[in-house]
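Chemist: Based on what follows, work out the 3D shape:
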Amino acid sequence: MRNYIILAAAIATVTNVAFAAGSTTVNQADKKFSTTELTINKGDVIVFKNDDPFTHNVFSQSPGIAFELKVQKPGESSEIVFAREGTGEVKCAIHPQMKLKLTVK
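Modeler: Predicted structure coming up:
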């Protein structure tokens, strides 16, 4: 019986850690990100939401935080989980003025 209690406590601890990740939404409107700097924790999620009437292509080539959403049509949202630490710039391949400094710690 004691082993079952220990196992249940271990599962509860792991489950709580899994739900501890944060989520931040970065909107794209007027050919800009809703923020120019953002710091998140490793394991957090960023939701990129296209509120513009035209397509975006959000990406980063920075080590540790590299990703590419490809074509993101108006009204679409995309989630990225940042599993590694890193600092760099997030951009839009279509609109070069769109820049976001991202730090994952």
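Chemist: Now that Pro74 has come up, it's in contact with Lys49, right?
Modeler: No. With contact defined as Cβ atoms under 8 Å, Pro74 does not count as touching Lys49 (10.3 Å). Using the backbone N, CA and C atoms, a C-beta is placed for each residue, glycine as well.
Chemist: Neighbour count for these two, which is higher?
Modeler: Lys49 (18 against 12; other Cβ atoms under 10 Å).
Chemist: how about low-confidence regions in the protein?
Modeler: Along the chain, the parts satisfying pLDDT under 70 run over 1-20.
Chemist: and His56, what does it touch?
Modeler: 28, 50, 69, 72, 92, 94-95, 98 (Cβ atoms under 8 Å, 6 or more residues apart in numbering).
Chemist: now Thr75, nearest residue through space, not along the chain?
Modeler: Quick fix: residue 75 reads Gly, not Thr. Asn50 (6.5 Å; Cβ to Cβ, 6 or more residues apart in numbering).
Chemist: ignore the last one, Gly22
Modeler: Asp44 (4.4 Å).
Chemist: Also Gly64?
Modeler: Gly86 (2.4 Å).
Chemist: For the one you found, grab the count of nearby residues.
Modeler: Neighbour count of Gly86, defined by other Cβ under 10 Å: 16.
Chemist: Identify each of the helices in this protein and give its residue range.
Modeler: Counting by DSSP state H, one finds helices in the chain at the ranges 2-18.
Chemist: gap between the residue most central in space within the chain and Pro53?
Modeler: Nearest to the mean C-alpha position of the chain, by Cα atoms, centre = their mean, lies Ile46 at 2.3 Å. Separation of Ile46 from Pro53 (Cβ to Cβ, to the nearest Å) stands at 22 Å.
Chemist: quick revisit: thought the residue nearest to Gly22 was touching Val104?
Modeler: Yes. Using Cβ under 8 Å, Asp44 is in contact with Val104, at 7.4 Å.
Chemist: Touching both of these two, which residues are there?
Modeler: By Cβ under 8 Å, 6+ apart, Asp44 and Val104 have these common neighbours: Phe82.
Chemist: got the phi/psi numbers for Asp51?
Modeler: Torsion angles at Asp51 (phi, psi; degrees, to the nearest 10) stand at phi -100, psi 10.
Chemist: Alright, that wraps it up for me.
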